[in-house]
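Asker: got a sequence here, can you build the structure:
(chains A and B)
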Amino acid sequence: MALSYDDVIAKYEPVLGLEVHVELNTESKMFCSCSTTFGGEPNTQTCPVCLALPGALPVVNAKAIESTIKIGLALNCQIAPHSRFARKNYFYPDMPKNFQISQYDEPICFDGFVDVEIETDEGPKQFRIEIERVHMEEDTGKSLHVGGATGRIHGAEYSLLDYNRAGIPLVEIVTKIVPGTGKYAPEVAKAYVAELRDILRGLKVSDVKMEQGSLRCDANVSLRLIGSDVLGTRSETKNVNSLRSVERAIRGEMIRHAELLNDGKKVKQETRHFQEDTGLTRSGRSKEQAEDYRYFPEPDLVPVAPAAAWIEELRAQQPERPSLRRKRLKEQWAVPDKEMAAMINADALDIVEETVLLGADPTKARTWWLGEISRIANEKELALTELSITPKDVAAIVALVAAGELTDKLARQVVDGVIAGEGTPSEVVAKRGIKVVNDDGALMAAIEKVCAEQAETADKVRNGHVPAAGALIGAVMKETKGQADAARVRELLLGHLGQASN
Amino acid sequence: MIKNTAAQMSASLAKGEITSVELTKLHLDRIADVDPKVKAFLHVDGESALNQAAAVDADRASGKKLGPLAGIPLALKDVLAQQGVPTTAGSKILQGWKPPYDSTVVAKLKAAGVVILGKTNMDEFAMGSSTENSGYGPTFNPWDLTRTPGGSSGGSAAAVSAFEAPLAIGSDTGGSIRQPAALTGIVGVRPTYGAVSRYGLIAYSSSLDQAGPFGRTVLDTAMLHEVIAGHDPRDATSINAPVPAVVAAAKSGDVKGLKIGVIKQLQGDGYQSGVQARFNESLEILASLGAEIVQVDCPSFEYALAAYYLIAPSECSSNLARFDAMRYGLRTGESDGASAESVMNSTREAGFGREVKRRIILGTYALSSGYYDAYYGSAQKIRTLIIEDYKKAFTQADVLVSPTSPITAFKIGEKSEDPIAMYLADVATIPVNLAGICGMSLPAGLAEEDNLPVGFQIMAPAMQDQRLYQVGAALEAALVSKWGGHLISKAPALGGAK
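Answerer: Residues are numbered from 1 along each chain as shown, chains lettered A, B, ... in the order given. Prediction:
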C-alpha cells in the first residue's frame, strides 16, 4: 500500500548510517607513482604495481597519509599512533590483485564527530553525527559492459576493463549509527554530506565532485517502531551521486521499508542502487549471507606510525571549520539569510571573500559575483572560478565605481570585456574608451536638447511633477551613450527645470 | 675452469687469462651436456648471456672499473622477474609470460655485470621441498639422479652442484635455499628478512619470502650476497641499513671465543644417524678452533611447522588470487558466452598444480571468519613465541646451529604422495623464516649410510648476516683441509648412479 512520508514518520523512527568515499587529489596513486589525472585514455596510467603483475609490491603514498590525518583532525577524530593496512579478499575483474588494500581493525582515525545545522519547524537545530572511523584504501578499476541494454553486466556481450582508476587513494568516512533525527533524517543526511564536502574542500585534499565520483555516499537506512530500542534490518543504497539524491534516496528508502513492514513483510538486508530518474532504488546483490572478505594484515606493508609532533603540526595548520567560517562571514559582511544561502549554493564564498580581502566592499563584491558575473557564467555553463575574471579584477572594478570613474552600467561593460579576455579592467576601460561624462557643460547641452525635444514632459516637471523627470534622465543618458553619472544628470536636470534635487 | 670457484674465475678474468665470453661458453656447453639429465633449467638464454658477457669484456678492455663478479655466469631461480625473459615461478598458469620489468635483484645483478645464463626449475610458486611440484617436471640431484635436489630452489642448487653455473639465486620461504644446498653439497644463505629486496620476487608468502645466494664456497656465496643485498624504496619491508660486511667475514673466518649454541629441539628423533654424526663432528671442529659450544632451549620450535603451514598458505591464498586470466598468463575456458568468473575458475583449475591448490584451500579456510582466531591468529602467536625463543637464545650464544635437514636427499617420488612427510623436510629451517632472521647451510660431509651430502645450519640475529660467514668460513676451511678439497669435488660423475 502506498504510504505518504507523514504516515511513515508517524509510526517509525529512521536510523541512519552513512559511508562516504572520498578520492584524494594526490598526484600519484596510493601505492605506486602512476598519475591520478581523471579522464585519461584507458589503461595509460598503469604500472606493474597497480596492474598487480607478479612480483610487484605496494609502497604507501606519504601524501595520502597526511591528507587522511588532516581529514581525521577536521572531523574531531583520534589519530592512531599505530595503524595497519589489511587485505580485503574478493574476486572481481576490475580489481587487479583480487584483494583490496584497506584498513580493517586498526584504522588511522577513529571516534570523531561533525555537527550539522538544519532548518526545522522550530527554527535552526543542530545535530551531532558521530564518526566511527576514517580509513585509507585504494580504488578499483572500472568495468564497461558493452552490448547489453542497461550497461549492466547481465546481458552484456563483453566487458572492457580500465585500470587507470585502480589504486587511486580513497578515504572512507564511516558514521556510527545516527538515531534521533526523526522526520528530518533525509535533511540531516544531506546536511552532513554537504558539511563533509565543505570540510574536505577547505582542507584541499579532494576535488569533492560527486558527479565525477570523487565523493560517493552509501546510505544505510533502517526503521524501527517509535519507542523501540531494537534496530531494524538495514538496506545500503549506493550510487547516490548528488546532495539532492542523498535526501531523495533516504526518503524513498524510508517509505519502501515502511510499506514492507506495514504489510508484515521483512526488509531484506541488501545493497540497493539509487536511480536518478525515478528517485527509487533497485535491488543489487543480496547481503543475506555476509560476505567473508578474509581480512588479514597486509604483509607487504609496515604499520603506519605517524610521529606525534607531525600530527600536532597538521593540527595547527587546520583551516577554519566551514560552518564557523560561514557564521563569521555572515556577521562581518552583514549578509541577510537568503543572500548568504544563495552565496553558499553558488559556491561563491571563497571568491567573494578573496575579493573583499582585496579591498572591495562586501555587498558590492557579493552583488557582482552573484549578479552579472553569475549570469554570464550560467550562459556559458561554466563555474565562477572557470571564468577569466578574478577577484582582483572585481575588486578593481568596485574601486573604479567608488571613485566615480565608472557608473554601474559602464562597469558591466568592463566586466564583459574582462571575461571576453580583453585584459584587466583598466585595460578594458582604455581600449573601449569607456569614461564617465562629468563635464557639466556637455551634460547641460544634452539636457537642453532633450528638454526642447520633449517640451511637454519638461513642462510637467517645471510644474512640480518630479517623477516625470525619469523619462528625461533616461533620454539624457541615451544621448551621452550611458557614460554620464545618472545622479549628476538628475541633479542638473532638476535644477534646470527649477526643482529641488532631493 | 668450470670447476673453479667464482673467486678464482674472477681472478682469471681480471688477469686476462680468460674472457667472460669464453667462460660463459664453457658453462653453456656444460649445460648442453648435462642438463638433459639434471633438468636444472627451465629456460636457457645463451644468446643474451653471451651478449652480456661481451659487454663486460668490452668494459674490461676499455679499462672501466668492474665489480668482482663482473663477467661471472649465474643461474636465476624462475621466481624472479627478468624483463623480456619467460618467468613462470614453475607454474603452468604463467607459461609464456615475459615480465615488462626487472626485479630489483636482477637489476642489481645486471648492474654488477653478472651474466645471467637462464631461469632454473622450482617447485610451483616455491611450494615444496623437492622440486617435484614444478609444473614442468622435476629436477634431478647431480649426486644421484634418482634423487631430488631438495626444493623449492632445487634447480638453482642442482645447477651449481653440477657445475652448470658457479653461482645461483634462490628464494627461501621455509628453507628453500638452505635445504637444497644441504642436499646437493653446496653453500646457500637465506639473508635476514628485508635485507634483499622482494620487488619482482613472485610472492608465495610475503612475510617469509627472501631471495638469497648459492655458491660452492662460503666466500663465493658472500660475494653474491653483497651484490644483491641493500635497501630498496620499492619494497616497504626492505631494511634501510648498510649491508653487513659478509665478504670480509668470509675472508676472516675466526671463531675464537665465539659462543655457538646448539638448539636442543633441532636434533635427535627423526634425524638420520649420518646427519647427526656429521653435525656432531662439525661441532667438535668448531670447539677445537676455539669456539665455546653451549646448549640452548627453544621450546616453541615444536610448533613452528604447524604455524608455518597456517601462515604461508594464508598469505599464498591471497597472493595467488591475482592469477585470474584477466591481464597475463594462461587463459582457458573462453568459449562463446563464458563469463569472466567461469574463465577465472577454469584457468585456475587448469593452471595450478595439486600442492598449490592444497595450500590455497588451506589458507582460505584458515582466514575464514569464525576460524581466523583459531588458525591464523594462533599461528601468529606462535610466531611471536619463536621470536622470543630466539631472542633469549641469542643472549646465550652469538650464533645458533643445527643440522639443515633431518635427512639426506630422498628418492624422486618417495614423499610426493605424502605431504606431511614432505613438510617435515623443513622442520629445522622454518624457525629462521618465522623469526625473520638469517641462516646458512654449508656442507658438513657425507652420511656414511648413503654417501650423500649433509648440511650444517648456522643461524644469526637479524642483520648480523656476517656472523654466518665468519663461522661458516672457519668450519669450511677446517673441513676442506681435513678432506683435502671441497666436498663437491667428491661428487660422483653425473650418470654414475642410476
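
Asker: show me what from the stretch 151-300 of chain A comes close to chain B.
Answerer: Applying CB under 8 Å from any CB of the partner chain, we find that the stretch 151-300 of chain A lies next to chain B at A:159, A:161, A:290, A:292, A:294-296, A:299-300. C-betas here are computed from N, CA, C, even on glycine.

Asker: which PyMOL command selects the buried ones in the residues you listed?
Answerer: Buried residues among those (16 or more other CB atoms under 10 Å in any protein chain shown), as a PyMOL selection:
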select buried, chain A and resi 159+161+294+295+296+299+300
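
Asker: and the least confident of the residues of the stretch 151-300 of chain A next to chain B?
Answerer: Least confident by pLDDT among these: that is A:Ala290, with 63.

Asker: returning to what we had before: among the residues of the stretch 151-300 of chain A next to chain B, which pair sits farthest apart?
Answerer: Greatest spacing in those, by CB to CB: A:Ser159 and A:Pro299 (31.3 Å).

Asker: mind checking how far B:Lys25 is from B:Met1?
Answerer: Taking CB to CB, to the nearest Å as the measure, B:Lys25 falls 11 Å from B:Met1.

Asker: point out where the chain drops to low pLDDT.
Answerer: Just so you know, I chose chain A. By pLDDT under 70, the low-scoring segments of chain A are A:1, A:149-153, A:285-290, A:438, A:501-502.

Asker: sorry, I should have been clearer: chain B.
Answerer: The low-confidence ranges in chain B, as defined by pLDDT under 70, are B:495-498.

Asker: go again with 80.
Answerer: B:336-337, B:494-498 (pLDDT under 80).

Asker: how about the strands in it?
Answerer: Taking DSSP state E as the criterion, chain B carries its strands at B:41-44, B:73-77, B:115-120, B:167-171, B:187-190, B:211-215, B:259-263, B:292-296, B:399-403, B:438-447, B:452-460.

Asker: what sits up against the first one?
Answerer: Put plainly, it is strand B:41-44. B:28, B:31, B:35, B:75, B:78, B:85-86, B:88, B:90, B:117-121, B:134, B:136, B:155, B:159, B:164 (CB atoms under 8 Å, 6 or more residues apart in numbering or on different chains).

Asker: that one pairs with which strands?
Answerer: Here strand B:41-44 is paired, per DSSP bridges, with strand B:115-120 (antiparallel).

Asker: of all the strands of chain B, which one is nearest A:Val8?
Answerer: Among the strands of chain B, the nearest to A:Val8 by CB to CB is strand B:167-171 (61.9 Å).

Asker: is that closest one anywhere near chain A?
Answerer: No - counting by CB under 8 Å from any CB, chain A has no neighbours in strand B:167-171; the shortest distance is 11.0 Å.

Asker: distance from the chain centre to that strand, please.
Answerer: Here strand B:167-171 shows a centroid-to-chain-centroid distance of 6 Å under the convention CA atoms, centre = their mean, to the nearest Å.

Asker: and it, what does it pack onto?
Answerer: For strand B:167-171, the elements it packs on are strand B:73-77, helix B:154-161, strand B:211-215, helix B:218-228, judged by 3 or more CB pairs under 8 Å, 6 or more residues apart in numbering or on different chains; DSSP states H and E.

Asker: and it with helix B:154-161, angle?
Answerer: 160 degrees (axes from the mean of the first three to the mean of the last three CA atoms, to 10 degrees).

Asker: who touches the residue in the stretch 401-502 of chain A that chain B sits nearest to in this structure?
Answerer: With CB to the nearest CB as the measure, A:Gly421 is the residue of the stretch 401-502 of chain A nearest to chain B, at 45.6 Å. Contacts of A:Gly421 were listed using CB under 8 Å, 6+ apart, and they are A:Ser388.

Asker: which phi and psi does it have?
Answerer: Per-residue torsions, A:Gly421: phi 90, psi 20 (degrees, to the nearest 10).

Asker: reformat the residues of the stretch 151-300 of chain A next to chain B as CSV; add secondary structure.
Answerer: Below are these laid out as CSV (DSSP: H, G, I helix; E, B strand; the rest coil):
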residue, secondary structure
A:Ser159, strand
A:Leu161, strand
A:Ala290, coil
A:Asp292, coil
A:Arg294, coil
A:Tyr295, coil
A:Phe296, strand
A:Pro299, coil
A:Asp300, coil
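
Asker: now the helices and strands packed on strand B:167-171 in a markdown table, with mean neighbour count and distance to A:Arg432?
Answerer: Shown next, in a markdown table, are the helices and strands packed on strand B:167-171 (neighbours: other CB atoms under 10 Å in any protein chain shown; distance: least, CB to CB, whole Å):
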| stretch | mean neighbour count | distance to A:Arg432 |
| --- | --- | --- |
| strand B:73-77 | 30 | 74 |
| helix B:154-161 | 36 | 81 |
| strand B:211-215 | 31 | 73 |
| helix B:218-228 | 27 | 72 |
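
Asker: who wins for proximity to chain A among these?
Answerer: strand B:211-215 (10.8 Å).

Asker: quick one: the strands in the stretch 51-200 of chain A?
Answerer: Assigned by DSSP state E, counting those that start in this stretch, the stretch 51-200 of chain A shows strands spanning A:78-79, A:86-89, A:99-102, A:109-120, A:123-138, A:142-146, A:158-162, A:169-175.

Asker: can you check the stretch 201-350 of chain A too?
Answerer: Counting by DSSP E, counting those that start in this stretch, one finds strands in the stretch 201-350 of chain A at the ranges A:215-225, A:235-240, A:270-274, A:281-286, A:296-297.

Asker: which strands or helices does the shortest one pack on?
Answerer: Pointing back at strand A:296-297 there. strand A:86-89, helix B:304-319.

Asker: now the longest one, how far from the centre of its chain.
Answerer: Taking CA atoms, centre = their mean, one finds the center of helix B:304-319 at 18 Å from the center of the full chain.
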